[in-house]
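In: Mind looking at a prediction? Sequence and model below.
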Amino acid sequence: MYDVIIIGGGINGVGIARDAVGRGLNTCLIEKGDIASETSSWSTKLIHGGIRYLENYDFRLVRESLIERDVIKRIAPHITKPVNFVLPHVPSLRPSWIIKIGLFLYDRLGGKSTFEKSKFISLKDYFKENPIKENFKSGYVYSDLIVDDSRLVLLNAEDAINRGAKFYTNTNITKTVRGEDNWSIFLDNGEVLKSKAVVNATGPFTISVLNNIFGIKSKKKLRLVQGSHLVVKKIYDGDQAYILQLNDRRIIFMIPFQKKYTLIGTTDHEVENFENPKITYEEKTYLINSVNSFIKKEITDNDIIWTYSGVRPLIENNSKTSSKVSRDYTFEIDDRDGAPIITVFGGKLTTYRKLSEQVLKKLSKYILVSNKTWTSNEVLPGASDTIVNNEDMPKKIFERLIETYGAKVSKLKEYYNEFNAGGDLIFEDFYEFEVKYLIKEEMARTSEDILFRRTKLGINFPKEAKDKLEIILKRHL
Ligand SMILES: Cc1cc2nc3c(=O)[nH]c(=O)nc-3n(C[C@H](O)[C@H](O)[C@H](O)COP(=O)(O)OP(=O)(O)OC[C@H]3O[C@@H](n4cnc5c(N)ncnc54)[C@H](O)[C@@H]3O)c2cc1C
């Protein structure tokens, strides 16, 4: 008998699982695909207060998010990086006094912070290269955190498993039966699990899971809003990112990505079908035209290396514009006809840990839960600052591994040493031993799990290398 079964292995589901198991609950998580296979790996990859939410008076969310920015930097230093964000001044859209008030609040709402305070700058002089057109003379710079989104999910999952949680991935629920004080959950592998409570954390699938799997009609509605990104050849040299104000009053980001690229996004495109989201022609054109209205060396379709899209599961508030819908979260509990089910609505990567604490609080009405919060104090796997020496691997491989896996590289070294020189070469600095490690230690099953979620090697990955990877995958599965 589990205390809690969580449905959904996105950031919210795994965050809840980690918190629950750490408080001594017998915890299980069921994910229909790979960990982080939906919205949580298609984000802009920011752990941020969300400066633009101040315009919607979302002070609670901004404050909580700013505090979380410091917490996540502390618990996941190996997969996050503070970055300067430059906001070119566009007086016709927002006068200086508005921006100054916004940044004043942004610097202070979260209380004491390790992030640098904002300042006014001349765009021409401040950075090594200024990619912005000459007619934009000045701007503001503030700091936020960039995260490897899918690895943030994965590391929370790994930590939950290390602490004793049971995870089922690539597993579907075929039936559920509600008893007076427990649920029976039937899986497509033939197992039947029992739990005192269920948490539905299925992101864009929330309403359909409630209706179709649990037979419950929700009072709340979701607004499903697709957001797309372009990855293009690097537009400029330098570590700074840009936040660009557009005429439709939206903003988009331009962020250095994976050394060779620039990430541009995002859009707000309402959708009904939330499975397999794909960028539309209009979104692509919108992103290219928007960025071109700011940069000196304009880009075209030919510069696009990769695109990706995800669907935001936002809480419907009937606002006209999608960008005005709050990014906050809420819950719905159904306990009228027997054992409870708690459903998560909304949320952001940034706030997953606080959202999880709220779920644990709600669960404490039904099961004995320690009220001791702990997830802000314990670092995620690989975050240790012990220096791993490298006597075995070529420097180039080792450096990429440290950047991706942090201190977990010591485990990777064991796999490297199992093979002669790391085993078969797949592409550039990517060898067989890493594939075996990802299968055995990080739950990878497919080339997509490896190329797009465990690593980002899949961008610009040649067909022959992919074929080689498929052969090696079969060897170790
Ligand atoms: C374009 C875009 C940009 C964003 N940028 C940011 C950002 O920069 N910073 C930030 O903080 N937030 C950002 N967000 C928001 C953030 O990504 C989401 O709020 C968050 O990832 C949602 O996580 P989730 O766990 O609720 O949902 P998901 O990640 O979608 O996870 C739900 C999981 O449930 C699983 N599931 C569904 N049905 C079932 C079933 N029947 N059985 C078992 N499992 C099931 C799915 O496979 C999925 O893995 C962005 C979102 C988008 C779309």
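Out: Cool, the structure landed.

In: Need the residue closest to the centroid of this structure.
Out: Residue closest to the mean C-alpha point of the chain, counted by CA atoms, centre = their mean, is Asp149 at 3.2 Å.

In: List the contacts of it.
Out: The contact partners of Asp149, taken as CB atoms under 8 Å, 6 or more residues apart in numbering, are Ile11, Ala36, Ser40, Ser41, Trp42, Ser43, Lys45, Leu349. Backbone N, C-alpha and C define where each C-beta goes, glycine included.

In: give me every residue that touches the third one.
Out: Listed by CB under 8 Å, 6+ apart, the contact partners of Ser40 are Gly10, Ile11, Asp149, Ser150, Leu152, Val153, Gly203, Leu349.

In: Tell me if I'm right that Asp328 and Ile315 touch.
Out: Yes - with contacts counted by CB atoms under 8 Å, Asp328 reaches Ile315, the gap being 7.0 Å.

In: as a whole number, average confidence for the biggest helix by length in the chain?
Out: Using DSSP state H to define each element, the chain has its longest helix at helix 59-75. Averaged across helix 59-75, the pLDDT comes to 97.

In: quick one: the helix or strand where Leu155 lies to helix 59-75, angle?
Out: Element membership of Leu155 [criterion: DSSP states H and E] is helix 149-162. Calculated by axes from the mean of the first three to the mean of the last three CA atoms, to 10 degrees, helix 149-162 forms an angle of 70 degrees with helix 59-75.

In: buried set for helix 149-162?
Out: 149-161 (16 or more other CB atoms under 10 Å).

In: Ok, stretch 224-240 next?
Out: For stretch 224-240, the neighbour count (16+ other CB under 10 Å) marks Leu224, Val225, Gln226, Gly227, Ser228, His229, Leu230, Val231, Val232, Ile235, Tyr236, Gln240 as buried.

In: who's in contact with Asp239?
Out: Contacts of Asp239 (CB under 8 Å, 6+ apart): Val83, Asn84, Pro256.

In: out of those residues, who's nearest the ligand?
Out: Val83 (12.0 Å; CB to the nearest ligand atom).

In: Quick check: that closest one is in a helix.
Out: No - applying DSSP: H, G, I helix; E, B strand; the rest coil, one finds Val83 to be strand, outside a helix.

In: Where do the strands of the stretch 1-150 of the chain begin and end?
Out: When assigned using DSSP state E, counting those that start in this stretch, the strands of the stretch 1-150 of the chain occupy the ranges 2-7, 27-30, 46-47, 80-88, 119-122, 138-147.

In: Select, out of these, the one closest to the ligand.
Out: Smallest distance to the ligand across the strands of the stretch 1-150 of the chain (CB to the nearest ligand atom): 3.5 Å, for strand 46-47.

In: Centre of the chain to that closest one, how far?
Out: 8 Å (CA atoms, centre = their mean, to the nearest Å).

In: What of stretch 275-286?
Out: 20 Å.

In: neighbouring contacts of stretch 335-344?
Out: Under CB under 8 Å, 6+ apart, the answer for stretch 335-344 is 12, 16, 178-183, 195-201, 206, 210, 214, 216, 218, 329, 331-334, 355, 359, 362-363, 365-366.

In: Looking at the buried residues of helix 149-162, which is nearest Lys411?
Out: Glu158 (11.1 Å; CB to CB).

In: list the contacts for the closest one?
Out: Glu158 neighbours (CB under 8 Å, 6+ apart): Leu380, Pro381, Glu442.

In: Among the residues you listed, name the ones in strands.
Out: Among those, DSSP state E puts none in strands.

In: Between Asp328 and Ile315, tell me which one has more neighbours.
Out: Neighbour count, other CB atoms under 10 Å: between Asp328 and Ile315, Asp328 has more, with 21 against 17.

In: From Lys175, how far off is Ile161?
Out: Plainly put, Ile161 is 26 Å away from Lys175 if you go by CB to CB, to the nearest Å.

In: Enumerate every residue touching Tyr261.
Out: By CB under 8 Å, 6+ apart, the residues touching Tyr261 are Val231, Val232, Lys233, Lys234, Ile305, Ile459.

In: Name the residues linked to it by a beta bridge.
Out: Note on Tyr261: beta-bridge partners Lys233, Phe257, judged by DSSP bridges.

In: ok, now Val344?
Out: In beta-bridge terms (that is, DSSP bridges), Val344 pairs with Phe331.

In: now the nearest residue to Phe427 once chain neighbours are set aside: how far from Ile450?
Out: Nearest in space to Phe427, with sequence neighbours left out and distances taken as CB to CB, 6 or more residues apart in numbering, is Ala465 at 3.7 Å. From Ala465 across to Ile450, the span is 12 Å (CB to CB).

In: The two: which has the busier surroundings?
Out: Ile450 (24 against 18).

In: who touches the more buried one in this structure?
Out: Ile450 neighbours (CB under 8 Å, 6+ apart): Val435, Leu438, Ala444, Leu457, Gly458, Leu469, Leu473.

In: between the residues you listed, which has the most around it?
Out: Counting by other CB under 10 Å, top hit in the contacts of Ile450: Ala444 with 27 neighbours.
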